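Participant: Here is a sequence with its predicted model. Questions after.
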Number of protein chains: 4
Amino acid sequence: MLLMNSAYELFTDVGFHKTTIAMIAKSAGLGKGTFYLYFRDKEDIRDAVIVYKSGQILKDAIDNTVLDKPGMSFYDRLITITDYIINYLADNEKMFKFISKSLGSGLLTEKKDNDTVSAGLMDLEEFIRGLLKKREVVLKNQQLFIYTIIELINSTCYSVIIDSEPVAIDEYKPYLYNIIRLITEDQVVSEQ
Amino acid sequence: MLLMNSAYELFTDVGFHKTTIAMIAKSAGLGKGTFYLYFRDKEDIRDAVIVYKSGQILKDAIDNTVLDKPGMSFYDRLITITDYIINYLADNEKMFKFISKSLGSGLLTEKKDNDTVSAGLMDLEEFIRGLLKKREVVLKNQQLFIYTIIELINSTCYSVIIDSEPVAIDEYKPYLYNIIRLITEDQVVSEQ
Amino acid sequence: MLLMNSAYELFTDVGFHKTTIAMIAKSAGLGKGTFYLYFRDKEDIRDAVIVYKSGQILKDAIDNTVLDKPGMSFYDRLITITDYIINYLADNEKMFKFISKSLGSGLLTEKKDNDTVSAGLMDLEEFIRGLLKKREVVLKNQQLFIYTIIELINSTCYSVIIDSEPVAIDEYKPYLYNIIRLITEDQVVSEQ
Amino acid sequence: MLLMNSAYELFTDVGFHKTTIAMIAKSAGLGKGTFYLYFRDKEDIRDAVIVYKSGQILKDAIDNTVLDKPGMSFYDRLITITDYIINYLADNEKMFKFISKSLGSGLLTEKKDNDTVSAGLMDLEEFIRGLLKKREVVLKNQQLFIYTIIELINSTCYSVIIDSEPVAIDEYKPYLYNIIRLITEDQVVSEQ
DNA sequence: TATGAATGAGGCTTCATTCAT
DNA sequence: TATGAATGAAGCCTCATTCAT
């Protein structure tokens, strides 16, 4: 929708706090009052944008990843989807910035219903669970595995992608994937 | 200093955005104008508070950790100091919240000189480097190792400490330390 | 009419100022634009409502009061109709509130043509005049008599009916009617 | 105070609703924000103005009325103070308008603490009670007497003073005072 | 150094009104 | 006649910042 796109551009370009309702409306070519026809306030449209954009990423990732090539190990599948998402975020830095920042502060905003905000990550979690189930992979502690892997990827890739600090993403990937392999192998009890 | 302590209490209690200059000054028993004698604006005092508090944590951690018990492996020393910091943050949730949140959004604030903000983490990095040097431990990729370990700890412990999600910190620690051990063993080329 | 009934309900329930055109239209099951087909603005429909409701009261009062029982004195007739109106208003507090408040502020609104607003009271005045004429009652100062009596009744009964302050209406009535009798007897020059 | 005087002028000149905070501040030669240093909102300053102005009237009335001329009857004293207040209001029509209107709508505003608003009339009530006590006058029903007299005077004099309708104040006074005398004589049980 | 009254830009939100359908 | 999305003027209120003392 027009307003959500304008909001997304502004949030990622000038930042959430410096963006005003007036700017969003004007940039969408609409009147200020029109904004309130669709959203309650700035946080409302921010959540909508996050859900919308997060969903897009995962949908794209799943659609564009060959999932059922037979004979792929669980680790290979995990890395395949991870790689797709990292590449996607590397190509859309602003989106990465915005989503990461929002998730972070969103978790601390008391008025927020977390379900809405973290919908994107929830989806990823669901997806990995499905991956595990379908391949009949058993992990020592599935819940902690998923949690740790997602946090590891998200936090380490942030400044690597955004600032190329401490190294560029292409250099960091093999290092990261090796760690993921170590953890996976350590945790897998039985595969297939 | 009076103003920094007031600011810290308010930032951690009611949040950065909901804290006003007037509140800080009043809570410090000073006039509003006096604030501007010491700090340029709210972000200025926030940075000062972060540096001050981060430094305190690390100083405490180092002071309270027996570092040079001979015969301790690099991994044991790394876990010892990590454990101290995690325990400290678990006992000071509000500080953890504040520092994590600020670091996150601070990285995206353009008027910020990152050196100041990340001083705390810089110190930790420096410290680990020193640890490696002193023990004559050689890692495959020292820089990426430190970066990855710090990000892993920081990001995974956040919701574990703050919300006990997905599990409580005491349950998560062994899981996390095992992963750190895996990574460390994989990366160590030679010890002593 | 649909819109007038909706407006009346809202004006008396939530108050004139807190009622919006949107609320009136929606509650009438009509579109916002339709409102403007029938009324210029909120004040326009308010006046229409007052005239409509005031007229209803007096019509009811006259219809339900036996007027021409022969042998009734002027005072008895005056009290009979007064009593009917007071009972009616006591049974319709919200209407009393609304009409009283509107008359008060209506008199000071410059865009208002007073004739419209005070139509209700005009009618009452007309009616009393008729009563006097028919019974061939002569008063010392007929105009001031009517004016004073109406204002006396209206102002004293307001908080008595609305808040039972300083006493309940049933307790106040004999006191008030006694005063009306005193005034009437003092003013009557000749009856029949 | 500067703001209260500006507010009073604007409320009486252009009306309460059409007066904006910006107008009050500007007309006082102050910034908009300064208003909020002293008053919570428009209703807050309105109440302050009413209390201030009402108090002024009664104080002036009492100060300027010879109260203890010995040998004056209760009725004479009552008329003396009434006459002073009516004259005062006739000379300050705008104040009369404002106070009458505000009292009316104030009574219906739910957020209002009535004690504050009706302070002025309370004072008048207190004064009349004192008058009765001092002269050892006993009335049949003192409470209803005071209530009725105050409402009678206030409501009948309003349009007489503001619009000279139905007659001018000088013509209405003898008529009104005669009625007050009738009521008083009827109600007095013993004097002195 | 310390003050705090005064400021006013700036953001938020409401809602009467219009107009294309 | 009827609609309701779109509008934007208008008002409210906050709060960082200044400045005279």
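Facilitator: Right, received. Where do you want to start?
Participant: need the strands for chain A, in chain order.
Facilitator: A:137-139, A:188-191 (DSSP state E).
Participant: Find the one among the ones you listed with the highest mean neighbour count.
Facilitator: strand A:137-139 (a mean of 18; mean count of other Cβ atoms under 10 Å in any protein chain shown). (Each C-beta comes from the backbone N, C-alpha and C, glycine too.)
Participant: what does that strand contact?
Facilitator: A:Phe74, A:Leu131, A:Leu132, A:Phe145, A:Gln187, A:Val188, A:Val189, A:Ser190, A:Glu191, A:Gln192 (Cβ atoms under 8 Å, 6 or more residues apart in numbering or on different chains).
Participant: Now pLDDT too, for those residues, in TSV please.
Facilitator: As requested, these are exported to TSV (pLDDT from 0 to 100):
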residue	pLDDT
A:Phe74	86
A:Leu131	80
A:Leu132	84
A:Phe145	94
A:Gln187	94
A:Val188	91
A:Val189	88
A:Ser190	78
A:Glu191	70
A:Gln192	60
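Participant: Quickly check those for the two that are furthest apart.
Facilitator: A:Phe145 and A:Gln192 (17.5 Å; Cβ to Cβ).
Participant: Of these two, give the one with the bigger neighbour count.
Facilitator: Neighbour count, other Cβ atoms under 10 Å in any protein chain shown: between A:Phe145 and A:Gln192, A:Phe145 has more, with 20 against 8.
Participant: Chain C versus the more buried one, what's the distance?
Facilitator: 53 Å (Cβ to the nearest Cβ, to the nearest Å).
Participant: quick one: contacts for that residue?
Facilitator: A:Phe145 sits in contact with A:Leu139, A:Ile183, A:Thr184, A:Gln187, where contact means Cβ under 8 Å, 6+ apart.
Participant: Make JSON lines out of those residues and add distance to A:Leu152.
Facilitator: Listed next are the contacts of A:Phe145 as JSON lines, based on distance: Cβ to Cβ, whole Å:
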{"residue": "A:Leu139", "distance to A:Leu152": "15"}
{"residue": "A:Ile183", "distance to A:Leu152": "8"}
{"residue": "A:Thr184", "distance to A:Leu152": "12"}
{"residue": "A:Gln187", "distance to A:Leu152": "13"}
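Participant: Buried by neighbour count, from those: which ones?
Facilitator: A:Leu139, A:Ile183, A:Thr184, A:Gln187 (16 or more other Cβ atoms under 10 Å in any protein chain shown).
Participant: For A:Arg46, see how far away the residue of chain A at minimum distance from chain C is.
Facilitator: Minimum separation of chain A from chain C (Cβ to the nearest Cβ) falls at A:Leu37, amounting to 11.9 Å. Remark: distance between A:Leu37 and A:Arg46 (Cβ to Cβ, to the nearest Å) = 17 Å.
Participant: do A:Asn87 as well
Facilitator: Taken as Cβ to Cβ, the span from A:Asn87 to A:Arg46 is 25 Å.
Participant: And the strands of chain A: which comes nearest DNA strand F?
Facilitator: With Cβ to the nearest atom of the strand as the measure, strand A:137-139 is the member of the strands of chain A nearest DNA strand F (47.5 Å).
Participant: residues touching the residue nearest to A:Ser27 when sequence neighbours are not counted, list them.
Facilitator: Sequence neighbours aside, A:Ser6 is the residue nearest to A:Ser27 in space, at 4.2 Å (criterion: Cβ to Cβ, 6 or more residues apart in numbering or on different chains). Shown in contact with A:Ser6 (Cβ under 8 Å, 6+ apart): A:Ile24, A:Ala25, A:Ser27, A:Ala28.
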